[in-house]
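Colleague: one predicted model, sequence on top.
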Amino acid sequence: MNTGLVVLLITVITALLFDFLNGFHDAANSIATVVSTRVLSPRLAVLWAAFFNFVAAFFLGTAVAHTIGKGMIRLDDVTQYVVIAGLLGAIVWDVLTWWWGLPTSSSHALIGGYAGAAMARAALNRGFSQAFDVILPEGWTKTLVFIVVAPILGLVLALIFTILTYWVMRGASPRQVDTWFRKLQLLSAAAYSLGHGGNDAQKTMGIVAGALYTAGYISKVDMSLNWGRYHWPIILGAHTAIALGTYFGGWRIVHTMGSKITKLKPFGGFCAESAGALTLFGTALAGIPVSTTHTITGAIVGVGAVHRLSAVRWGVARRIVWAWILTIPASAMVAAIVFWIIRLVYTAA
């Protein structure tokens, strides 16, 4: 078997491993609220979320995959080794933050790792002053803007949904509200999981497409226009991997998301998930690779803040925000080190 094909297979397997860990790490996003409100048991919740992570393949298009695949890093500066180093950088950061119980963004770990590896290659080949030439500003601008916008949008929508729903249900008894929203939360959890799968699996699809391009199996035209020839194997592989990761779950982060930020009831869980789902649907269709973690965290904070600001555990929220800030540079640094090690072993990388 030729070396190029072996490297491509390693790249695709690493990408699918990252996708699995994305589902494992971000399972909390999909199920924390529905578990913490005890609407579903943990096992049923992960099955519910995994199913909708997978079927998202058929609903939300490939706009985010296009942005990741060709809109953030110059393709001429990408090699198989850059992709592998970028994925490993993201995987290391995901595993560390999973261990620490922090709901950081796998999406931002991925783009940070991808950029860090590409910049390391440019620096080693052309000098450190040329490292930033690999960055495509347009794709990064909207991504960085939505690091701030996505959680704020989730928070604001959750506030609005909570206030409106309080008004609509003002005549109902607490028992009636709890009964109704236990059923409605099944729908909101399904919608959020659909948005989670539709946004996060597409990022791996973009990386796999980039790997196929660097290996010479698809062209720039195929990357832009002809996904129909290649996209179903890529889409189904990515969505299967993230669904399996979600099924196996990350319970450390579920605990943080479901109980440490604020206490949730089915009513609040419904509002948070609905706000998060609406945000993710819009950004997925617009091709903006946002963090599902940031989005649902903002929504949970929004629900808690409706009651009183003290209902939100701001110390935990502050720790989460610091982890968000560090994710892109930390994963980029790890990926750059991995690429440097690869270059020491294989000088043609």
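Modeller: Cool, the structure landed. Owing to the predicted nature of the structure, the values given are computational and were not obtained by experimental measurement. Numbering: from 1, shown residues only.
Colleague: quick one: contacts for the nearest residue to Arg74 once chain neighbours are set aside?
Modeller: Nearest non-adjacent residue to Arg74, counting by C-beta to C-beta, 6 or more residues apart in numbering: Val134, 5.2 Å away. Any C-beta I mention is one placed from the backbone N, CA and C, and that applies to glycine too. Applying C-beta atoms under 8 Å, 6 or more residues apart in numbering to Val134 gives the contacts 73-74, 77, 115, 118-119, 121-122.
Colleague: which residues of the stretch 101-250 of the chain fall in helices?
Modeller: For the stretch 101-250 of the chain, the helices defined by DSSP state H, counting those that start in this stretch cover 106-126, 137-168, 174-214, 220-224, 231-248.
Colleague: how about those helices in a markdown table, adding mean neighbour count?
Modeller: Listed next are these as a markdown table, based on neighbours: other C-beta atoms under 10 Å:
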| stretch | mean neighbour count |
| --- | --- |
| helix 106-126 | 26 |
| helix 137-168 | 18 |
| helix 174-214 | 23 |
| helix 220-224 | 14 |
| helix 231-248 | 21 |
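Colleague: take those and lay them out in JSON lines including distance to Trp322.
Modeller: Formatted as JSON lines, the helices of the stretch 101-250 of the chain follow (distance: least, C-beta to C-beta, whole Å):
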{"stretch": "helix 106-126", "distance to Trp322": "14"}
{"stretch": "helix 137-168", "distance to Trp322": "13"}
{"stretch": "helix 174-214", "distance to Trp322": "22"}
{"stretch": "helix 220-224", "distance to Trp322": "36"}
{"stretch": "helix 231-248", "distance to Trp322": "25"}
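Colleague: nearest to Val338, of those?
Modeller: Nearest to Val338 among the helices of the stretch 101-250 of the chain is helix 106-126 (7.0 Å), distances taken as C-beta to C-beta.
Colleague: direction-wise, compare the closest one with helix 137-168 and give the angle.
Modeller: Per axes from the mean of the first three to the mean of the last three C-alpha atoms, to 10 degrees, the angle that helix 106-126 makes with helix 137-168 is 170 degrees.
Colleague: shaky segments in the protein?
Modeller: The chain contains residues with pLDDT under 70 at 1-3, 25-33, 37, 69-70, 101-104, 219-231, 249-264, 307-321, 323, 348-349.
Colleague: can you list the contacts of Val134 in JSON lines and add distance to Ala243?
Modeller: Listed next are these as JSON lines, based on distance: C-beta to C-beta, whole Å:
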{"residue": "Ile73", "distance to Ala243": "27"}
{"residue": "Arg74", "distance to Ala243": "32"}
{"residue": "Asp77", "distance to Ala243": "32"}
{"residue": "Ala115", "distance to Ala243": "27"}
{"residue": "Ala118", "distance to Ala243": "29"}
{"residue": "Met119", "distance to Ala243": "32"}
{"residue": "Arg121", "distance to Ala243": "33"}
{"residue": "Ala122", "distance to Ala243": "35"}
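Colleague: which one of the residues you listed sits closest to Val177?
Modeller: Ranked by distance to Val177 (C-beta to C-beta), the contacts of Val134 are led by Ala115 at 46.4 Å.
Colleague: which ones are touching that closest one?
Modeller: Here Ala115 is in contact with 72-73, 86, 134-135, 328, 332, 335 (criterion: C-beta under 8 Å, 6+ apart).
Colleague: then Met119?
Modeller: Met119 is in contact with 131-132, 134-135, 332, 336, counting by C-beta under 8 Å, 6+ apart.
Colleague: equivalent analysis for Thr295, please.
Modeller: By C-beta under 8 Å, 6+ apart, the residues touching Thr295 are 29, 150-151, 153-154, 276, 279-280.
Colleague: now, among these, which is nearest to Tyr213?
Modeller: Leu280 (26.8 Å).
Colleague: how close does the nearest residue to that closest one once chain neighbours are set aside get to Ala299?
Modeller: Closest residue to Leu280 apart from its sequence neighbours, by C-beta to C-beta, 6+ apart: Gly195 at 2.9 Å. Distance of Gly195 to Ala299, given as C-beta to C-beta, to the nearest Å: 11 Å.
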